[in-house]
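**Q** Quick one, what's the 3D model for this:
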Amino acid sequence: MLNQNESLIVVIDVQGNLAKVVADSEAVNLNVGRLVQGGLALGLPIILTAQAPHKIGHTTEALRQILPDHHEYPRTTFSVWSDEAVRQAIRDTGRRQVLLCGFESHICLYQTTIHLLGAGYDVWMVADAVSSRSLVNKEIALKELSAEGVHLTTVEMGLFSILADANHEQFKAISRIVR
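**A** A predicted model of the protein is given here:
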């Protein structure tokens, strides 16, 4: 199960036109926002990354409104772990459970996950908050990553896993976010 004191969220490439053209873009972008809002309510570290923002665009305005003070880590590598600044930001959290969301499942999320697993992290792919331009790419990525030992979760399942108890001080806030 996820632990509030061990978890962090890495938002990968929810940016520019890419966020508009992925499969189920409206639902997935909404779910990324819900995950981020839940993470904020729970006090989880949140890391934003953007692949080649000078070409693809920066983090979406909707997400920037939720995270106005968060630094966006630009990079050219597909795996965020291959970028020294992002790798250091993840290490600096001291957390070992990484919830991943964003785009594209079969490229940046896939490669990041393989590298995080190799570095000893416990990786949780938030399946309803990830996508690719085609659903088949998302499905194959999730299937392959599941076989590698990645935990598959959803926004609601992940956030309630962290809560663990209806008496948690953020239960009402999380309930409002996911409904």
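**Q** is it true that Val80 touches Val11?
**A** No. Checked against C-beta atoms under 8 Å, the pair Val80 and Val11 is beyond contact range at 9.8 Å. Heads up, the C-betas are built off the backbone N, CA and C, glycines and all.
**Q** Give me the common contacts of these two.
**A** Both Val80 and Val11 are contacted by 47, 49, under the criterion C-beta atoms under 8 Å, 6 or more residues apart in numbering.
**Q** Check which helix or strand Leu40 maps to.
**A** According to DSSP states H and E, Leu40 maps onto helix 25-41.
**Q** Which secondary structure element of this protein has the lowest mean pLDDT?
**A** Between all helices and strands in the chain, the lowest mean by mean pLDDT, DSSP states H and E belongs to helix 53-56, at a mean of 93.
**Q** wait, what's in contact with the residue nearest in space to the middle of the chain?
**A** Taking C-alpha atoms, centre = their mean as the criterion, Cys101 is the residue nearest the geometric centre of the chain, at 2.5 Å. For Cys101, the contacting residues are 9-12, 14, 31-32, 35, 126, 129-130, by C-beta under 8 Å, 6+ apart.
**Q** Just say helix, strand or coil for Arg133.
**A** Following DSSP: H, G, I helix; E, B strand; the rest coil, we place Arg133 in the coil state.
**Q** Correct me if wrong: Leu40 contacts Ile46.
**A** Yes. Leu40 is in contact with Ile46 according to C-beta under 8 Å; the separation is 7.1 Å.
**Q** Need the overlap of contacts for those two.
**A** Overlap of the contact sets of Leu40 and Ile46 (by C-beta under 8 Å, 6+ apart) consists of Leu67.
**Q** about what we covered before: any idea how far the least confident helix or strand of the chain is from the chain center?
**A** Computed by C-alpha atoms, centre = their mean, to the nearest Å, the chain-centroid distance of helix 53-56 equals 20 Å.
**Q** Report the buried residues of that helix.
**A** Judged by neighbour count (16 or more other C-beta atoms under 10 Å), helix 53-56 contains these buried residues: Pro53.
**Q** again, but for stretch 60-79
**A** Taking 16+ other C-beta under 10 Å as the basis for neighbour counts, the residues of stretch 60-79 that come out buried are 60, 63, 66-67, 70, 72-75, 77-79.
**Q** do the same with stretch 5-12
**A** Within stretch 5-12, the residues that qualify as buried are 7-12, counting by 16+ other C-beta under 10 Å.
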